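S.K.: Please work out how this folds:
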Amino acid sequence: MRRLLVTVATALVALVVTATPALAHNVLVSSDPAKDAVLATGPSKITLTFDAPVQGGNVNQVSVTGPGGTQWAEGDVQISSNVVTVGVRPLGPAGQYTVGFRILSADGHPVTGEVPFTLTTAGNGTPATASAATGADTAAPAAQSGGGVPVWVWILGAVVLLAIGLTLALRMGREKA
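M.R.: Numbering: from 1, shown residues only. This next block holds a predicted model:
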């Protein structure tokens, strides 16, 4: 019985030790404008700062959606280590705007989110056309996905390790008898 407990404990320790921290996704640590900011004039660019470097390439998307679903982001998304920026057209009507983002995390998984802000004084800008908007469709909240390894894979791995441990323990117990 003692060997069984030792084997099970060893299998559990092995399971915990082999869990890799590399599976942690990037986390948004700050933004400009800040979440729920109230602004009298619109920003000329959006800056998102993450806790780890963001992978480069044209897979990162940022959109700025205004009242009525209008799009205000303009230009290519720029990556500098953990800082993501995109230009913004001069804003139009007063109201709530939402920065939607989808970036490729340092671990290779997509990270999505939103940063709302409010414009209190209407500007004289015009929204971008659908083709000019940066990530207009793909950075929307509906595109959010958990990414990463599905939970069932981890559960299956734990069950397999436990079965191996129990099999070894039972075989060791039979050899003594």
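S.K.: Which secondary structure state is assigned to residue 155?
M.R.: Here residue 155 is helix, with the state taken from DSSP: H, G, I helix; E, B strand; the rest coil.
S.K.: Look up how far residue 167 lies from it.
M.R.: 19 Å (C-beta to C-beta, to the nearest Å). The C-beta positions use only the backbone N, C-alpha and C, and glycine is treated the same way.
S.K.: contacting residues around the residue nearest the centre of the chain?
M.R.: For the chain, the residue nearest the mean C-alpha position is residue 111 (1.8 Å; C-alpha atoms, centre = their mean). Contacts for residue 111 were tallied using C-beta atoms under 8 Å, 6 or more residues apart in numbering; they are 25-28, 50, 101-105, 147.
S.K.: so what are the domain limits for the protein?
M.R.: Split into domains by automatic domain parsing, the chain comes to 1-24+148-177, 26-145.
S.K.: okay, those domains in JSON lines with mean pLDDT next?
M.R.: Output for the domains of the chain, formatted as JSON lines (pLDDT from 0 to 100):
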{"stretch": "domain 1-24+148-177", "mean pLDDT": "70"}
{"stretch": "domain 26-145", "mean pLDDT": "86"}
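S.K.: moving C-terminal of the helix or strand containing residue 46, what's the next helix or strand?
M.R.: Assessed by DSSP states H and E, residue 46 sits inside strand 45-50. Using DSSP H and E, the helix or strand that follows strand 45-50 in sequence is strand 61-65.
S.K.: Which elements pack onto that next one?
M.R.: Judged by 3 or more C-beta pairs under 8 Å, 6 or more residues apart in numbering; DSSP states H and E, strand 61-65 is in contact with strand 45-50, strand 73-80, strand 83-88, strand 95-104.
S.K.: who does the first one pair up with?
M.R.: It refers to strand 45-50. strand 28-32 (antiparallel), strand 83-88 (antiparallel) (DSSP bridges).
S.K.: And the contacts of the longest one?
M.R.: This means strand 83-88. Against strand 83-88 from outside (C-beta under 8 Å, 6+ apart): 42-50, 54, 60, 62, 64, 72-78, 101, 103, 134.
S.K.: What subset of those is buried?
M.R.: Neighbour counting by 16 or more other C-beta atoms under 10 Å classes 42-43, 46-48, 50, 54, 60, 62, 64, 72-74, 77, 101, 103, 134 among the contacts of strand 83-88 as buried.
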